Each structure stands twice: as structure tokens, then as C-alpha cells.
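Chemist: Requesting a structural model of the entry that follows:
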Amino acid sequence: MSRLRTPLSLYVHWPYCSFLCQFCAFSKARVPAAGIEHYRITTALLKELKTSLAAHRDKELHSIYFGGGTPSLAKPQHIARIIEAADSLVPLAANAEITLESNPTLAEINKMRDFKQAGITRYSIGVQTLDDQTLARMGRLHTGTEGLAAVDRAKQLFPGKVSFDMMFGFAGQSLNQWQKELDQALQHADSHISIYQLTVEPGTPLFRDRNAQRVILPSHDLQAQMYEAAVKICSQRGFRHYEVSSYAKEKEAESVHNKGYWQGRQWIGIGPSAHSRYIDPSNGRRLSTMRFPDIQRWAQHCDKFGHGTAKSAVISDSDAKQEAVVFGLRMLDGISNSRFAAVANGQTLESYLLMEQVQQYVHDGYLLWDSVQGHLSPTERGLQVIDSILMDITP
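Modeler: Numbers count the residues shown, from 1 in each chain. Below you'll find the model as predicted:
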């Protein structure tokens with residue numbers, strides 16, 4: 001029966017944070033002085049969940065991802081209610097991946113067991129860096145030692161299902177410092193790690209500090225060397241670089257939820273600012289929706305209408321084709337003709353892409369093109385500059 005059901009993913013956005021990082025541009029809010037209105041937020045999420053999943057009962061949930069914000073600030077019993085409600089609306093696959101993001105503070109570490117009992121099967125920890133001065137400067141409330149301790153604790157409760165985030169490109173960071181830091185972190189790693197280059201997003205404190213030259217970040221060349229060092233060190237430690245920012249020891253450890261995005265799976269997002277991409281069962285149109293980012297406005301709309309949708313738009317055929325290629329080539333496995341044809345009304349990659357440019361990148365060692373199977377993928381070298389490549393090969 002499960003084979004006949006279309007895979008669906010669910011993203012749940014928990015908007016509150018105990019602290020606001022200097023670099024973060026995600027939709028979030030500091031915990032109010034009066035505390036979090038747990039009941040109100042959870043009630044609104046459940047209402048939006050019921051409304052949003054009602055038309056997708058013929059599908060099957062392959063993943064649920066609690067992101068934010070800091071969803072580990074939620075009460076475990078409320079996380080359990082959301083998981084149970086989702087399963088009652090759209091059945092969970094037998095091996096469904098259910099991920100919770102967490103920060104490595106003592107209070108959140110102490111809740112890990114309760115989250116496992118609530119139904120969480122995969123734990124993702126925002127370690128970011130092991131340098132205590134950088135952590136403090138970025139507004140984080142944990143130390144590097146506490147970050148690694150959280151990873152070690154999570155491995156006991158979620159063996160084989162623990163991931164953590166690391167970042168490079170901080171002010172004052174040298175290549176040697178980054179190499180030593182990553183190598184130390186990987187000694188504690190389970191089977192998955194995500195590594196991101198620090199990006200300066202408009203509207204963040206880091207953006208203002210950089211523009212005022214209060215912060216000097218590493219040069220582009222140095223950041224490129226840090227990226228290459230990450231790939232090399234992870235490979236030496238047995239981690240395969242399967243997506244631009246993701247590494248896993250084995251196929252089973254790769255993030256089912258994130259791969260769903262890159263492979264064009266339909267997903268429903270609930271909570272403030274959450275996005276969705278799905279096919280409307282009533283008319284077959286591809287839709288993109290976004291919820292209100294303001295927490296109070298979103299909750300009020302959920303109370304009144306059963307959802308907090310702010311925007312809804314039809315995804316054009318041309319946009320769907322481009323998204324399929326852009327997302328697909330974020331992964332080392334690339335994109336096949338069959339996956340592309342599913343969103344391109346049977347069109348092939350070869351007839352869509354600018355093949356002269358593709359062949360040039362193949363010749364230069366950035367792409368791999370299998371003309372027999374109709375399969376395009378980046379090389380490790382190409383993955384590093386995939387954004388530039390995509391600009392050249394798509395119409």
C-alpha cells in the first residue's frame with residue numbers, strides 16, 4: 001500500500017529563540033519576557049496542520065522536520081501531539097525520519113530523552129564552532145566543550161541518527177584553525193555533519209558590522225581554501241560529500257527531509273514564515289505558499305481561518321523546470337531525465353539545457369553527463385562553484 005502513496009514531507013517552524021545570533025536571517029523572535037505561549041502556538045500549529053494536510057490524505061509522510069527558531073524550546077508533549085496529529089491525517093511511512101533542531105545548552109540537552117519519547121528519531125545540533133570567543137561574539141550561549149558534549153549525549157539516545165552544524169569563515173579565523181577545529185569536531189561526529197560558509201545576510205547585525213568595517217571576514221580565496229579543506233578532511237574521516245553543505249558516512253545517514261527538497265518532493269510547511277511546495281490535488285497545479293512571518297498575525301489567522309497563509313502562487317512550467325535542475329545539482333548524485341521529465345511534461349534534460357555549455361563544463365571537469373542514461377551531475381570540483389555553472393547552463 002505504501003508504494004502507491006505519493007511521498008510528502010512536513011516542515012514545522014517553531015519561531016522562538018533564547019538568543020538571536022549575529023549572523024542569522026531566519027524568521028525568529030526572542031523568547032518574550034512573559035515566556036512562550038506554548039498552548040497558543042501549539043494550538044495554532046495543530047489547526048494549520050489539519051487544514052493543510054486535509055487534501056493530502058492519499059499521500060504518505062516520509063519525513064517531518066521541526067526547525068526554527070529553536071524547536072527544542074518547545075515542550076516535548078506538544079511535539080508529540082503534532083507528530084500524532086500529522087500521522088492521523090497523512091500516515092507516516094514505516095521508516096519515517098522525524099528530525100528536531102536543537103542548540104547545545106544544558107537545558108536543551110536535558111530534554112533529549114523526552115523528545116525521543118515524543119517521537120523524534122533524528123537529532124540535529126547547532127554547534128557552529130568550537131571557538132568560545134567566536135561563539136560569544138556571535139551571540140551563542142554555549143561553549144565549544146558544551147557543543148561536543150551535546151553531540152556525545154545525542155549519540156547515546158539517537159545512534160546513527162545525529163547530525164550537527166559547523167561553520168567556517170568567521171572573523172580572524174585562519175585556515176589552520178579551521179582545519180584543527182573541524183578535525184576535532186569530527187572525532188565526536190556520529191554519521192552526519194552539515195558544514196556552512198558564514199554568509200552575511202542583509203538586515204543582520206553581522207551585515208551592519210561588516211559594512212561599518214567593525215568586522216573583517218576572511219577573503220574569498222581563503223574561504224574557498226576552507227571549503228576545500230572541509231571536503232578533504234571529511235573524506236579522510238569517512239564522510240561522503242553528498243550535497244553542497246552535507247556529509248554522511250553512509251547512504252542511510254543522509255537527510256531524508258533535505259534530500260526531499262533537492263529531489264523535488266512535495267512538502268507542506270506550517271508555522272510562521274513556513275514555505276510549501278506541492279501539487280494542488282483539485283486541479284493539478286504546482287503551488288508555492290508562504291505563511292505570515294509575524295507570530296501574532298499568523299496565530300490570529302490560524303484561529304480565524306485554520307491557516308496563516310500570507311501568499312500563494314502558481315509555479316509556472318518554466319520555473320518548475322529550472323527549480324528541478326537548480327535543486328538537483330546541489331547533490332553529487334545530480335538529476336536524471338526521469339526526475340526532470342516528471343515536472344517538465346516529458347521534456348528531456350538534453351532538450352532543455354544549453355548543451356554546448358554543459359559539454360564545456362564536462363570537458364573542464366566540472367560536470368558529468370551520461371548521454372545514454374540522460375543523467376547530469378556535478379563533480380566534486382563542480383559542486384564548489386555550482387551556482388555559477390547553473391547560470392551558464394540553464395535558459
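Chemist: How about the secondary structure of the residue lying closest to residue 162 once chain neighbours are set aside?
Modeler: Once flanking residues are discounted, residue 162 sits nearest to residue 190: 3.8 Å by C-beta to C-beta, 6 or more residues apart in numbering. For the C-beta atoms, the positions are set from N, CA and C on the backbone; glycine is no exception. At residue 190 the chain is in coil, as set by DSSP: H, G, I helix; E, B strand; the rest coil.
Chemist: and the gap between residue 190 and residue 386?
Modeler: For residue 190, the distance to residue 386 (C-beta to C-beta, to the nearest Å) stands at 27 Å.
Chemist: Compare these two and say which is more crowded by neighbours.
Modeler: residue 190 (20 against 17; other C-beta atoms under 10 Å).
Chemist: What are the phi and psi values at the more buried one?
Modeler: phi -90, psi -100 (degrees, to the nearest 10).
Chemist: I'd say it and residue 156 touch.
Modeler: No - look at residue 190 against residue 156 with C-beta atoms under 8 Å: they stay out of range, at 10.2 Å.
Chemist: wait, isn't residue 373 in contact with residue 338?
Modeler: No - the pair residue 373 and residue 338 does not pass the contact test of C-beta under 8 Å, sitting 9.3 Å apart.
Chemist: neighbours of residue 196, just the number please.
Modeler: 16.
Chemist: gap between the host helix or strand of it and the chain center?
Modeler: Taking DSSP states H and E as the definition, residue 196 sits inside strand 192-197. In terms of C-alpha atoms, centre = their mean, to the nearest Å, the centre of strand 192-197 is found 11 Å from the chain centre.
Chemist: go on, stretch 127-140?
Modeler: Distance, stretch centre to chain centre, for stretch 127-140: 21 Å (C-alpha atoms, centre = their mean).
Chemist: Please point out which parts of it sit buried.
Modeler: Using 16 or more other C-beta atoms under 10 Å as the test for burial, stretch 127-140 gives 127, 128, 129, 130, 131, 134, 135, 137, 138, 140.
Chemist: Look up how far residue 110 lies from residue 153.
Modeler: Here residue 153 is placed at a distance of 9 Å from residue 110 (C-beta to C-beta).
Chemist: again, but for residue 221
Modeler: Between residue 221 and residue 110 the computed distance is 43 Å (C-beta to C-beta).
Chemist: How about residue 78?
Modeler: Distance, residue 78 to residue 110, using C-beta to C-beta: 17 Å.
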